[in-house]
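> output the structure for:
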Amino acid sequence: MRLYHFTSQKFGLLAIKDRRLKIARINELNDPFEFLGWNLRDPGTRAKMRQWKADRNAELGILCLSSKWSNSLLWGHYADKHRGMAIGFDVPDNDLYSPVKYRRTRLPTPVGRELVGADMDGLLLIKFSAWRYESEYRCFCRLDESIHANGIYFEPFSPNLKLAEVIVGYQSTITRAELAAALGDQASKVVAFKARPAFGTFSVVKNRDVTLWK
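Alright, predicted model coming up:
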């Protein structure tokens, strides 16, 4: 399965050069409803869920990827307004990478019994349906097993996160030479091209005029 990570030009080149991807921290995600997909009107349940989310933040991070690279919103929101890149990875077709489930309404809180961890595990993959354009897949990483540098956690490239493709944003100033230098001995094994806005739709597509990318 091919999944894509959107990032800026600077951090994309660093990720490729260092062969590792930054792990997102749960409490730094851009949606305040993350992991809180239940109806939380009850104060006791609300307090329990906030503590549960804090506990998950202390032990887990997330790789957030998309099954699509052609959505202009993804480029605008996560790739520095088309100045960055989408890095494509081949990942295993198993439950290591799980699709997010999008919902229009919040789930009812389980009632009539003591809540256990299994009740809440499903919340790891639930988001409001307005985020559906992301076509998101998630891989959860244990922080104590990840690379740690200067307060940031990273997941190394591996057979479970195999670099396969680099799509350069149409507003990016990355040159072919700069990308090749970052790729090093992987340059001949990785597909790389520059994107552009489509002429007849609202999609982002491959720019087939290779002379426009120096």
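
> show me the helices in this structure, by range?
Ranges of helices in the chain, per DSSP state H, are 9-18, 43-59, 72-78, 117-121, 176-183.

> so what's residue 179 closest to, chain neighbours aside?
residue 192 (5.9 Å; Cβ to Cβ, 6 or more residues apart in numbering). Bear in mind the C-beta positions are built from the backbone N, C-alpha and C, glycine included.

> that neighbour is in contact with residue 163, isn't it?
No. Look at residue 192 against residue 163 with Cβ atoms under 8 Å: they stay out of range, at 10.6 Å.

> hmm, back to that, adding mean neighbour count, write the helices of the chain out as JSON lines.
Below are these laid out as JSON lines (neighbours: other Cβ atoms under 10 Å):
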{"stretch": "helix 9-18", "mean neighbour count": "18"}
{"stretch": "helix 43-59", "mean neighbour count": "14"}
{"stretch": "helix 72-78", "mean neighbour count": "17"}
{"stretch": "helix 117-121", "mean neighbour count": "12"}
{"stretch": "helix 176-183", "mean neighbour count": "15"}
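
> using JSON lines, lay out those together with mean pLDDT and distance to residue 28.
Rendered in JSON lines, the data for the helices of the chain read as follows (pLDDT from 0 to 100; distance: least, Cβ to Cβ, whole Å):
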{"stretch": "helix 9-18", "mean pLDDT": "97", "distance to residue 28": "15"}
{"stretch": "helix 43-59", "mean pLDDT": "91", "distance to residue 28": "9"}
{"stretch": "helix 72-78", "mean pLDDT": "97", "distance to residue 28": "14"}
{"stretch": "helix 117-121", "mean pLDDT": "73", "distance to residue 28": "20"}
{"stretch": "helix 176-183", "mean pLDDT": "96", "distance to residue 28": "25"}
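
> among the ones you listed, which is nearest residue 206?
For the helices of the chain, the distance to residue 206 is smallest for helix 72-78, at 13.4 Å, taking Cβ to Cβ.

> among the helices of the chain, which comes closest to residue 209?
Using Cβ to Cβ, these put helix 176-183 closest to residue 209, at 13.8 Å.

> how long is stretch 67-74 end to end?
Terminal residues of stretch 67-74 are spaced 11 Å apart (Cα to Cα, to the nearest Å).

> what of stretch 200-213?
22 Å.

> what average pLDDT does it get?
Mean pLDDT, stretch 200-213: 94.

> buried ones in that stretch?
204, 207, 213 (16 or more other Cβ atoms under 10 Å).

> export those to JSON lines and tack on distance to residue 85?
Below are the buried residues of stretch 200-213 laid out as JSON lines (distance: Cβ to Cβ, whole Å):
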{"residue": "204", "distance to residue 85": "12"}
{"residue": "207", "distance to residue 85": "13"}
{"residue": "213", "distance to residue 85": "12"}
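
> let me know the closest of these to residue 182.
Of the buried residues of stretch 200-213, the one sitting nearest to residue 182 (Cβ to Cβ) turns out to be residue 213, at 15.2 Å.
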